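Enquirer: Sharing a model prediction with you, sequence too.
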Amino acid sequence: MLNSDLRRFTSCLFGVTLLFATPAYSQDNSLLNQKIDKALNATCLDDNQTSVSVVAMPSGRVVYASNINKPLLPASVMKIITTAAALHYLGPEYRFKTQFLYSGSREGDTIFGDLIIRGGGDPTLSTEKLWSIAKKIKASGINEITGRLVIDAHFFDQYDMAPEWKLERSQRAYDAKLSVLTLNYNSIEIHLQPGQNVGSRVNAWLEPALPYMHLHNTAKTIKRGRNTVSVRRSEQEMGHVKMRVGGKLPIRSKEKVIRLNVDNPIRYATETFRTLLRDAGVKINDSSKVVFRPIVANELYEHLSEPLSLILKALNTYSNNLTAEQIIKTIAAERYGTPGTHAEGLRLVKEFLRLNGVNIQGVELVDGSGLSRKNRLTTRAITDLLTSLFSRFDIGPDFLSTLRIMGANGVLSQRLAKSPARGKIRAKTGSLRKVSTLAGYVATQDGQVYGYALFLNNNRCGPWNADKIEDRIVTAIHNFGDDTFKLSRKWK
């Protein structure tokens, strides 16, 4: 009865009854091999730069292998490694901490000193959360702060990007700079609506609106045609930032939102919070300062993020690069002490792989997001890790839940929506120029689960055709053993 109860319990966690029992299979893989081989026969693929690994859970038995030991670009599948290491080192319940302190003394409704924000690397701070904090400070009885707004930035080192990233950065939101104090993923929104009449200027505004950022809007409303509106950020004298809006927007267009990263994330968060404090009725002067050492001060308020398990779910759903890199530095800060660095964080990640029985030959980790083209992983390393995590009761269920369900309701649910594998695939996608990757778990109709990793490097397929090849493979894995094969299970 006890073993039966245990199998039912683990089935609820993983959707299978095979977590703690190891089945022996009598099965011919030839048809599955033929289907995968056929999918990989596409002329747009580079055979020497294509790798596929498929293994059975929980044993790790190899079902299909092609170039599995060849180090290749993982793209955003790298986030699987970061996610697993974060759960291992920090735990699913870890919460990022942002502290609000004050120096000097508090007398009545006035703080005679500085208001200090001690950043803790939280990648999820938003304008809405800062507004709530500003109102709570006001509600605590504070009406005036006589000193500066000071940022205690000692938790991270001062690098605003992974060391191996290109020095030339884009203004795209996915390429946001890193910082110990973030806001809105270190990006700002420019909202655009057609003007009232053809020929009139497009309506444009910033969210959040800040005194040091200004719009220079020359975009025009047109009767019909293609939407060509664009925004470019440029630094101006006296520390002001100009957002140049140009192009044309058809009069019947819906509201458009363009997101750009910000050049100075700590200033962006600081000035936003100063504005919100004033809006809440708290008087504070215009000066600010960033300090890269711990400041001893009195605690006023502490903000905790959502649990790490929820943050990781969002990380892998939206493939947020900033979140992945902030996590790498946080692992280092919590394990080795402050300031957290990429070098120490990535050293810990590689050690985590080794401790979990992952073959790390040829593995090169230079960031946590997969944005760098200097990363190298093997599909064997990925399926080794997937096998290890599948049987880890402490973090396995949390890891599984971070992977998107392909073809089901949610982000990018159209992919595999018509496949018989719809809703049976957990996956992390990855893409760079001429690179498409996919990795995760897929379940068959009879309850068996397989781990898989697909790396299509140097492909000429284009994103849509590369997706189709990957979808054919995971669908073939899902069908493996349903009608064509008969499984003979004997519990050891």
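Expert: Cool, the structure landed.
Enquirer: Mind listing what's buried along stretch 311-321?
Expert: Applying a neighbour-count criterion of 16 or more other C-beta atoms under 10 Å, the buried positions in stretch 311-321 are 311, 312, 313, 314, 315, 316, 317, 319, 320, 321. Every C-beta, even on glycine, is put in place using the N, C-alpha and C of the backbone.
Enquirer: Which element, helix or strand, includes the second one?
Expert: Yep, that's residue 312 we're talking about. Under the criterion of DSSP states H and E, residue 312 resides in helix 308-318.
Enquirer: Name the next helix or strand downstream of that helix, please.
Expert: Moving toward the C-terminus from helix 308-318, the next helix or strand (DSSP H and E) is helix 321-336.
Enquirer: what's the burial count for residue 224?
Expert: If you count neighbours by other C-beta atoms under 10 Å, residue 224 ends up with 8.
Enquirer: Residue 253 versus that one, what's the distance?
Expert: 10 Å (C-beta to C-beta, to the nearest Å).
Enquirer: Residue 32 too?
Expert: According to C-beta to C-beta, residue 32 and residue 253 sit 48 Å apart.
Enquirer: For the buried residues of stretch 311-321, which two are the farthest from each other?
Expert: Pairwise distances across these (C-beta to C-beta) peak at 16.1 Å, for the pair 313 and 321.
Enquirer: Domain ranges for the chain, per the record?
Expert: Structurally, the chain divides into domains by automatic domain parsing as follows: 2-93+309-486, 97-162+267-306, 173-261.
Enquirer: Same list, the buried residues of stretch 311-321, but as a markdown table with pLDDT and distance to residue 106 please.
Expert: Below are these laid out as a markdown table (pLDDT from 0 to 100; distance: C-beta to C-beta, whole Å):
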| residue | pLDDT | distance to residue 106 |
| --- | --- | --- |
| 311 | 98 | 33 |
| 312 | 98 | 38 |
| 313 | 97 | 39 |
| 314 | 96 | 37 |
| 315 | 98 | 38 |
| 316 | 96 | 43 |
| 317 | 94 | 42 |
| 319 | 96 | 44 |
| 320 | 97 | 38 |
| 321 | 97 | 40 |
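Enquirer: Looking at those, which is nearest residue 204?
Expert: residue 320 (25.7 Å).
Enquirer: so that closest one touches residue 186, yeah?
Expert: No: here residue 320 does not reach residue 186: they are 10.7 Å apart, not a contact under C-beta atoms under 8 Å.
Enquirer: Leaving out chain neighbours, which residue sits closest to residue 160?
Expert: In this structure, residue 160 finds its nearest non-sequential neighbour in residue 177, 4.1 Å apart by C-beta to C-beta, 6 or more residues apart in numbering.
Enquirer: what's the answer for residue 141, then?
Expert: If the residues on either side of it in the chain are set aside, residue 141 comes closest to residue 109, at 5.5 Å by C-beta to C-beta, 6+ apart.
Enquirer: what comes up buried for stretch 100-119?
Expert: Buried residues in stretch 100-119, counted by 16+ other C-beta under 10 Å: 100-104, 106, 110-111, 113-119.
Enquirer: Format the CA atom coordinates belonging to the top helix by length along the chain as PDB.
Expert: Criterion DSSP state H: the longest helix present in the chain is helix 462-479. The C-alpha coordinates for helix 462-479 follow below in PDB (Å, rounded to 0.1, in the frame of the first residue of the first chain):
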ATOM      1  CA  GLY A 462      14.500  30.700 -41.100                       C
ATOM      2  CA  PRO A 463      12.600  30.700 -37.800                       C
ATOM      3  CA  TRP A 464       9.300  29.300 -39.000                       C
ATOM      4  CA  ASN A 465      10.800  26.300 -40.900                       C
ATOM      5  CA  ALA A 466      13.200  25.600 -38.000                       C
ATOM      6  CA  ASP A 467      10.200  25.500 -35.600                       C
ATOM      7  CA  LYS A 468       8.500  23.100 -38.000                       C
ATOM      8  CA  ILE A 469      11.400  20.700 -37.900                       C
ATOM      9  CA  GLU A 470      11.600  20.800 -34.100                       C
ATOM     10  CA  ASP A 471       7.800  20.300 -33.900                       C
ATOM     11  CA  ARG A 472       8.000  17.200 -36.100                       C
ATOM     12  CA  ILE A 473      10.600  15.700 -33.800                       C
ATOM     13  CA  VAL A 474       8.800  16.300 -30.500                       C
ATOM     14  CA  THR A 475       5.600  15.100 -32.100                       C
ATOM     15  CA  ALA A 476       7.300  11.900 -33.100                       C
ATOM     16  CA  ILE A 477       8.600  11.400 -29.600                       C
ATOM     17  CA  HIS A 478       5.100  11.900 -28.200                       C
ATOM     18  CA  ASN A 479       3.800   9.300 -30.600                       C
END
